[in-house]
Each structure stands twice: as structure tokens, then as C-alpha cells.
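Chemist: with the sequence up front, the predicted model follows.
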Amino acid sequence: MKMEEQPQTRSMPGWQRALNALALPVLALFSALLLSAIFILGSDPVVLTAYAKFLSDPGAALGISWKTIVDAYHALFIGALGDPAVVSKELSEYFATGDTKDLTLAFYPITESLVTATPYIFAGLAVALGFKCGLFNIGAEGQIYVGAATAAFVGYSVEGLPWVIHMPLTFLAGTLAGAVWAGLAGFLKAVRGAHEVINTMMLNYVAFNLVHFLLNGPMKRGGATGHIPISRNILESAYFPAVFPEPLRFHFGFFVALLVAVGVWWFLWKTTLGFEIRTVGANPRAGRYAGINISRNFILAMALSGALAAMAGAGEVMGLNHNLAEGFSPGYGFDSIALAMLGGGHPLGVVLAALLFGTLRAGATKMQSLAGIPIDIISIVQAFVIMFVAAPKIIRWVYRLKGEGGFETVLMRGWGG
Amino acid sequence: MPPILELDGITKRFPGVLANDHICLTLESGEIHALLGENGAGKTTLMNILYGLYHPDGGRILVRGKEVKIDTPNEAIRLGIGMVHQHFMLVPPFTVTENVMLGVETIKNGLFLDRESVAARIREISQQYGIQIEPGAYVKDLSVGAQQRVEIVKILYRQADILILDEPTAVLTPQEVEDLFQVIRELVARGVSVIFISHKLKEVMSIADRITVLRDGRVVGTTRPAETSPAALAQMMVGREVILTVDKKPAQPGDVVLDVNDLQVFDDRQQVKVEGVSLQVRAGEILGIAGVQGNGQTEFVEALTGLRAVAGGTVRILGRETTRASPRRILETGVAHVPEDRQRDGLVLTYSVADNLALNTYYLPPFASGIQLHERAIFASAGELVKQFDIRTPSIQTLVSSLSGGNQQKVIVAREFARPIKLLIASQPTRGLDVGSIEYIHQRLVEKRDQGCAILLVSPELDEIMSLSDRIAVMYRGKIMDTLPAEQATLEKLGLLMAGVQPEG
């Protein structure tokens, strides 16, 4: 009965608990940026040359290091959120002249971050919902492609429908396809005990190759040129409309994603079905004892998880690309595993983490063009974030944090199957 | 000669809790010193300090008269202090020899493990102290009692002469407890000193030379078995008078509620665990099932509650067949189930008290309509139950994992009793609980019986079975040996039946 004699920290007030919950991911991000700086330095030939002469002129080496890092992260910031100076200048110009053309350009970076955050929110919610049922859905990437392919097909092949019908129909079709796709893995686990990690991983390859086949066969765009196979464009009646005029790409999908996040929160914490899923995730034996059908919940949770991931794919097709192209997702599904962990498996946390990941990815492009830092640095930052979130003891130790997070156990369970 | 171990004013604070408050304790050489106290009294904390796992905020530790500082378990071992934890620290796929040498490996030819010499030393220890152990056996194949002996040999191998046993009998059968006591007496006769942590009064009375009682982190007193009684010890532990016997009126059995006919159940490895069990439980009576753990009781209860498939025979509850019904349908028939492992089966530890109280009724009105949960109703009902069942918790939002074992069990009892039930299946309902909680649970069971509920009580604790049951069935190797009215069930008769022997006449 050792546990009973352990001190507990549950009696602290809510705001303090919220602060505690935030401390870990924030410090993880901070540490990741700090460590990634080393790689930024290593990737810059100028810095390396300076270090070659370190013994004769250490000041120059350190100075250029500092400048490189500041430049890189400055570019990252501007690329992600926009240059504050430019924004304020264009704003005053707009008020003076009413000219919106330059203003939209000033806001371009921040809207791009939101555009990138959109699929991250959907896919992050997918993985987080799986976690809640004790399932490790690492097949989000494949489900994204399945959702995108289905949405694209319905988007261009069903003609003559008004927007109010065609748009939701396209979105739902994509969603449903993802649900069936991932539900298959849930079914295999429920009925045959096959581990969902293996099955979702394998279904990824099936999905990638299925899309490859479709784009080179049935869904191939006639007379298409270029290297990447691509489908026909979907009809405008299936678009997620853009919020702002061109060239801003920000579309309604972002608001749909927020709405879905609220829906997932409501579903998990305010409905009997969510209660069952969380119970199965937290203690399947107690769930069975309480009369909950474990198999049904595995299937349901996987199907919902797949549906959410597929929404990311459908959203990209309907709001952004307007067609299906091979490799259109730069790994949103895989990143979302880390993202769901960073968000602590909670919809609000997922939205925040998705905004962060969207920002990092959008900013990275600018960092590459402005400061000449390879875009892969952002993958390194993300990798460090994952490592620190997955191994919170490191962060607790470095920053002398107290208390325990309950999330590690969920991850352990996911693998224990 | 100074005492071999002396604790002087040990104090340990956790945030919000004073776990140990100026504790003084002496262990004489060759003594069995029992440390008695309820869960949460601070016994384990104190021992973890002694073993170098926690650091005291105040006080001194003296070993053989010399003040020492114990920062790590290694330091404790160097000082001759060894500890057998409640949960064994063994590597199941390793042999006994490998487990014993783990951490202090003997090397030969500069590279290879010298299993032979270690095995020889283990045989020596085994002979010297009369501990039966086979060095070449794999730990995963050993019984719980034998695994415990490996833990003890591990400590002796490291030449410790102060042995701390943390609740060593919690996982043992009555026979294994006897074997363990034999070993302890042999150890003491050869100069080992033992600290024996327990909350079981009878055991402490039979094995200890001296008894120190802890309550709320303080020493209440130290006494000798000859100078005290179980009742007096219980009073010291709880701080008030405790009724150790259950006061109950004769049963008034009504209609048959549970009717089991020729039941057959397999375990996970497809071995027959329940073989042709037939029994009936009537409204208003308690049928106790006695038996050494592992004789099919677990599988029997799981089969009755729908958690395990029935291989043959029938189960009828209130006249309706439930042999292949789902757990939920059985619950809805009016069956309550207090599971044998409350943390594994009965609770979701990461849930609040309120959610655990609604764990099997969350989908019914007034807690839900359609798929929408009504938190307000769940909270209101939880508040009621916490009051009614005297669950000691800071709030209904508190995580159930932070409650004491007794209060966790009360959460389960409250949840199961709050529904309109006709049959209660209680499996080891007081396992690991302190005296005060046991008393409480027992009273509630009798109360439920008097309200006309049929109760099936499964417990390896004969005291519990004998004091509560109206009829007693003894289970041995998956079969019911015999069913006796409580008046005719003596300890001797039950003991023989539990060992599979049919008494004469």
C-alpha cells in the first residue's frame, strides 16, 4: 500500500494546475529551440569557418554564432507571424488610403501559419482521441490520404449540386472513408487482438500505394504535365471558401477544425460514449467490470480517430489544393503523434500545439529563404520537442519542476497493448 | 550491548502530511519486532527511510550503537539491512541463482558469471536456515511463497542481519504463512534481527517478541504479546474501541436468488478451474465460500458476473438464465459485485470519486439521457453517497487514487449498494484493509443481508467467513467439498476441507 502514503498534489487550485500543465510543453519547446541552435550553427558554413579560426579570434566566432542564431530565429518569427513593423506601417497606410493590397501581404505570414495549423488540428485530435481509448493510432498519415482521395473524387465527380449540399457531402464522404479505413484496424484489434500500431502502420503503406495507383489510373488528370501525378480539380461547389481575397490562402477549414475540436471535447467529457472510451483507455478491466463493451469501444474509437485524420486530408483538398496530388501532406499525420503528446491528449492542448507546429512549419520556409537555414532544422526542433515531452523527467530535472504528469502512463499503455 | 538498530526521533514530512512524527524504535539483536498500524500510519515510510529510499527531515539512525546516514539502498545493505518488499523485486525469467546474484555478481575468469559457486552458497544458506529453495529453478515457475523465500535468501546472501519484512503475509496462503513463520524463527535463532510490518493482529500476536503500534505517524506504544490482546492492539491502532466480532441476528432465508448448476469454467490457459459446482444462495442469507486462494474462486466469481465464459452448466439469477449474459445484463438483473482486486477491476484510479461512483450507472437516468451525460446529477448523487457511506475524501472531484485503501473500498461498496440489488457477490471485500474499515464493511454486509439481499461472500480469510456466513461452502481444486451450516463449521473441519480431506462422520 505504498501509494497511499505518497503525498498527493491534487489539492492545488485549478489555475495552478493549468499553469503546471503548461509549464512542461513550454519548457520543452524552449529547450528544443535552444538545442536546435547548435544544429543551426553547424549548418552554416560561415560560422564553421569562423570556428576554424577560433583560437586566433574567439570573439569573432562567438559573435557570428550569436548573430546567426538571432537571424535564424528572427526569420522564423517573421516568417510565421509577420514583421510587426511592416504590419503597423501597412495598417496606417490602409487607414489613410483604404488600399488593401499591401495589407494582405503583411498578414500573409500569419494566415499561412493558420493554414498549416488546420490539418494539424484535425490530425492531432485524431491521435489524441485514440490515446484516450488507450490506442496508438500511428496511421493518421494514411487516413489523411484516404480522406483526401475520397473527398477529391466526390468533389469533382458529383456534378450539379448546390454548394450547401455538395460541400458537406464531400467533407463527409472523406471523413467516412477515414472512419472505415481506421475502423478496420480497430475491428482487427477488437476481434483478433491484433495490435493497432502494426495494423495502422501497415495500412499507411496500403493507403500511399492506393493513392499512387488511383492517380496513375482511374483518377489521373487527362493531359496533365509535370512530375507529380495529380487528379482533376474539384468543383467550386465543393470548396471550403477562402476567407480573404487572393493571395491569402486562409480558408474556412480552420474554423471547421476549431468547431470539431470543441465537438471532440464535448464528446469525450460530456457524453456516455466518451465516458466509455475514456474508461476503456484508463482501465479496460474496470470498464469490462462496469459492463462496458470493450471491443465496441476499440472499433468506435479507431473509426472516430480515422474520421478526424481524414478530415485533415479532405480539408486540404477542399480548402487549399482543390485536387489530389501525391505527397501533398508533408507528414502531417506523423507530426500529429508528437503534437497530440505535446497537447497532453486534450483538445485544447491539441489546438495550441497545432498552432505552434503550424507556425514553426510556415516560419521555416521563411527561415530558409531569409537566413539560408535548411528547412529540416524545423524537423529537428519538432523532434526535440517530442523527446522532451515524451521524457518529461529530463525537463523536470533540468528546470527543477515538481509534480507528476499523468500522461506518460497512457503512452506506456499504448505500447503494452 | 547496544541495540542492533535504534531509530531516534525520526521525522518525515510530505507536502501537507506529517508521515513520521518523532518516531523512536529500538531493535534488539535476535528480536522479532512487529510494527503494527493501519494503512497510512507511516510504517512503510519509516522503513523506506531505514532502507535509504527516503531521507528523514529529522532524527538519528544508529546501527550497532553508531550513528549512520543511509542515503541509498546500497548503503543500507552495506550496513547489514535487507528488505523484502510487499511486491517482490525479482526477474521472473531468471533462475533463483541469477536473481540472488543480481547486483553482486561473482565473476570467474574475468568475464563469466560464476553461477556454480553462487548456487553452492545458496544451498549452504538454504541448509543453514532451513529455507527450501532450488537454485536452478526459474522464478516464474515458483509459487508466491517460494518467491518470497528467494527474496529472503537474496538478503541473507548479502550477509544482512537486519531483515525488514513489509506485509509479508499479504500474498500468502495460510500454509505458506506457517512456513514463513518457521523460517523467521529459524533466522532469529541464528542471530538475525527482524522487523515485521503488518496490520494483522493475530499474526503479530503469534510471531512477535515486541510490538510497536503506529498511528497517524506517531508511536502509540510498545508492548509484548503476553501483556496485550488483539482487542487492546486494535484499540491502539484505531484510537477507539473496535468490535472484532460481528453482531448479527439469525438469518431468515427467503427465495432462491442465485442458482448455479454443474458449472464448468476454464482459466486463461484453458485449464479447468471450476468443475461441476452447484449451489444456491437465498434472499436474506450469506453464503461464504472458503478455500485457499487459487482453487477456482476467482474464475467462479468471474463466470457468475459475466466476465469469463462459462464452459458448461447453468447460472440462474432470480429465475432468469444468465449463463451467457453480458456483464451489463447481469448488472441490470440486480447483481452487485465487489471485485477481489479493487484497483485492477473495481476502480478507474485516474478518475474522480464522483466518476467512480457512477462507473456502472453513468448511462442510466438521471445520469444521462440519450448520449448526453448530466454531470450535475452525477455530482449530486456522489455528494449523497460520500456522506451516506462516510467516504473520507477532500471532495468528490478528488482522484480516487489519492484515497486510502479503506476509502477506495468504500467507494466501491457505496456504488454497488446504492443500486437496487438482489444479489451481492463480494470477493475478498476486506483485502488489505485496516481494522476500522473491516469493521465497517462487515456491518454493511450484514445490514444488506437483513434487508433481504442474497450475499455470496468469497474470502480466503477463515475468520471473515466464519464470522459473517450463515452457511459455508469449501472450495478445493474447483469443486465444492461440502457446504455446512455456520454453527457446525469448526476451524478444524474447515481446515481439513480446505486441504481436500473429507472429515470422518
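Modeler: Received the coordinates, thanks.
Chemist: minimum distance to chain B, which residue of the stretch 251-400 of chain A gives it?
Modeler: Residue of the stretch 251-400 of chain A nearest chain B, by CB to the nearest CB: residue A:291 (3.1 Å). Quick note: C-beta positions are derived from backbone N, CA and C, even for glycine.
Chemist: need the nearest residue in space to the residue of the stretch 251-400 of chain B found nearest chain A, chain neighbours excluded.
Modeler: The minimum distance from the stretch 251-400 of chain B to chain A, using CB to the nearest CB, falls at residue B:328 (3.1 Å). In this structure, residue B:328 finds its nearest non-sequential neighbour in residue A:291, 3.1 Å apart by CB to CB, 6 or more residues apart in numbering or on different chains.
Chemist: which stretches of the chain have low pLDDT?
Modeler: The chain I'm using is chain A. A:1-14, A:17, A:223-226, A:402-417 (pLDDT under 70).
Chemist: ah, no, chain B please
Modeler: B:16, B:171, B:173-174, B:242-244, B:432, B:504-505.
Chemist: anything in stretch B:342-352 near chain A?
Modeler: Yes. Applying CB under 8 Å from any CB of the partner chain, one finds stretch B:342-352 in contact with chain A at B:344-351.
Chemist: drop anything exposed from these.
Modeler: Buried by 16 or more other CB atoms under 10 Å in any protein chain shown: B:345-351, out of those.
Chemist: nearest to residue A:78 among those?
Modeler: Distance to residue A:78 across these (CB to CB) is lowest for residue B:350, with 42.5 Å.
Chemist: quick one: contacts for that closest one?
Modeler: A:282-283, A:406, B:399, B:401 (CB atoms under 8 Å, 6 or more residues apart in numbering or on different chains).
Chemist: can you redo those as JSON lines with neighbour count, secondary structure and distance to residue A:78?
Modeler: As requested, these are exported to JSON lines (neighbours: other CB atoms under 10 Å in any protein chain shown; DSSP: H, G, I helix; E, B strand; the rest coil; distance: CB to CB, whole Å):
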{"residue": "A:282", "neighbour count": "22", "secondary structure": "helix", "distance to residue A:78": "43"}
{"residue": "A:283", "neighbour count": "24", "secondary structure": "coil", "distance to residue A:78": "48"}
{"residue": "A:406", "neighbour count": "14", "secondary structure": "coil", "distance to residue A:78": "38"}
{"residue": "B:399", "neighbour count": "18", "secondary structure": "strand", "distance to residue A:78": "44"}
{"residue": "B:401", "neighbour count": "20", "secondary structure": "helix", "distance to residue A:78": "47"}
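Chemist: make TSV out of these and add distance to residue B:361.
Modeler: Output for those, formatted as TSV (distance: CB to CB, whole Å):
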residue	distance to residue B:361
A:282	18
A:283	17
A:406	25
B:399	20
B:401	21
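Chemist: out of the buried ones among the residues of stretch B:342-352 next to chain A, what pair is the most spread apart?
Modeler: Top of the distance list for those (CB to CB): B:345 and B:350, 14.9 Å.
Chemist: in helices, which of the buried ones among the residues of stretch B:342-352 next to chain A fall?
Modeler: Taking DSSP state H, every one of these sits outside helices.
Chemist: could you list the buried residues of stretch A:361-373?
Modeler: In stretch A:361-373, counting by 16+ other CB under 10 Å, buried: A:361-368, A:371, A:373.
Chemist: CA atoms of that stretch as CSV?
Modeler: What follows is stretch A:361-373, C-alpha atoms only, in CSV (Å, rounded to 0.1, in the frame of the first residue of the first chain):
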residue,chain,number,x,y,z
ARG,A,361,6.4,24.9,-40.4
ALA,A,362,5.3,28.2,-42.0
GLY,A,363,8.1,30.1,-40.4
ALA,A,364,10.7,27.5,-41.5
THR,A,365,10.1,28.3,-45.1
LYS,A,366,11.0,32.0,-44.5
MET,A,367,14.0,31.0,-42.4
GLN,A,368,15.3,29.1,-45.3
SER,A,369,14.9,32.0,-47.8
LEU,A,370,16.0,34.8,-45.5
ALA,A,371,18.7,33.3,-43.3
GLY,A,372,19.7,30.3,-45.5
ILE,A,373,18.9,27.8,-42.8
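Chemist: give me the contacts around it.
Modeler: Contacts for stretch A:361-373 (CB under 8 Å, 6+ apart): A:40, A:43-44, A:68, A:71-72, A:74-81, A:109, A:112-113, A:115-116, A:330, A:374-375, A:377-378.
Chemist: of these, which belong to strands?
Modeler: Using DSSP state E, no member of the contacts of stretch A:361-373 falls in strands.
Chemist: please narrow those to those residing in helices.
Modeler: A:40, A:68, A:71-72, A:74-81, A:109, A:112-113, A:115-116, A:377-378.
Chemist: pull out the buried residues from the residues you listed.
Modeler: Buried members of these, scored by 16+ other CB under 10 Å, are A:40, A:68, A:71-72, A:75-81, A:109, A:112-113, A:115-116, A:377-378.
Chemist: name the helix or strand for residue A:249, please.
Modeler: Per DSSP states H and E: residue A:249 is located in neither a helix nor a strand.
Chemist: again but with residue B:289, I slipped
Modeler: Using DSSP H and E, residue B:289 falls in strand B:286-290.
Chemist: helices and strands around the helix or strand just after that strand, which ones?
Modeler: Using DSSP H and E, the helix or strand that directly follows strand B:286-290 along the chain is helix B:297-304. Counting contacts by 3 or more CB pairs under 8 Å, 6 or more residues apart in numbering or on different chains; DSSP states H and E, helix B:297-304 is packed against strand B:256-266, strand B:272-282, strand B:423-427, strand B:454-458.
Chemist: and if we set it to 7 Å?
Modeler: When contacts are defined as 3 or more CB pairs under 7 Å, 6 or more residues apart in numbering or on different chains; DSSP states H and E, helix B:297-304 sits against strand B:256-266, strand B:272-282, strand B:423-427.
Chemist: quick one: contacts of the first one?
Modeler: Residues outside strand B:256-266 that contact it (CB atoms under 7 Å, 6 or more residues apart in numbering or on different chains): B:272-283, B:299-300, B:303, B:308, B:310-318, B:422-423, B:454, B:456.
Chemist: could I get the phi/psi values of the residue in the stretch 1-150 of chain B positioned nearest to chain A?
Modeler: Relative to chain A, the nearest point of the stretch 1-150 of chain B is residue B:14 (3.4 Å; CB to the nearest CB). Residue B:14 adopts backbone torsions of phi -110, psi 160, taken as degrees, to the nearest 10.
Chemist: I'd assumed residue A:327 was in contact with residue A:321.
Modeler: No. Residue A:321 is beyond contact range of residue A:327, at 11.3 Å (criterion: CB atoms under 7 Å).
Chemist: higher neighbour count, these two?
Modeler: The residue with more neighbours, out of residue A:321 and residue A:327, is residue A:321; 17 against 12, by other CB atoms under 10 Å in any protein chain shown.
Chemist: which one is the more buried one nearest to, not counting chain neighbours?
Modeler: residue A:328 is the one closest to residue A:321 (CB to CB, 6+ apart), at 5.8 Å.
Chemist: and the one you found, how close does it get to residue A:214?
Modeler: Distance from residue A:328 to residue A:214, counting by CB to CB, to the nearest Å: 13 Å.
Chemist: next one: residue B:131
Modeler: Going from residue B:131 to residue A:214 by CB to CB gives 70 Å.
Chemist: how about residue B:183?
Modeler: 71 Å.
Chemist: same check on residue B:42?
Modeler: 67 Å.
Chemist: just the element for the most centrally placed residue in chain A, please.
Modeler: For chain A, the residue nearest the mean C-alpha position is residue A:120 (2.5 Å; CA atoms, centre = their mean). Residue A:120 belongs to helix A:101-132 when elements are defined using DSSP H and E.
Chemist: which SS class is the residue lying closest to residue B:191 once chain neighbours are set aside?
Modeler: Excluding the flanking residues, the one nearest residue B:191 by CB to CB, 6+ apart is residue B:30, at 5.7 Å. At residue B:30 the chain is in coil, as set by DSSP: H, G, I helix; E, B strand; the rest coil.
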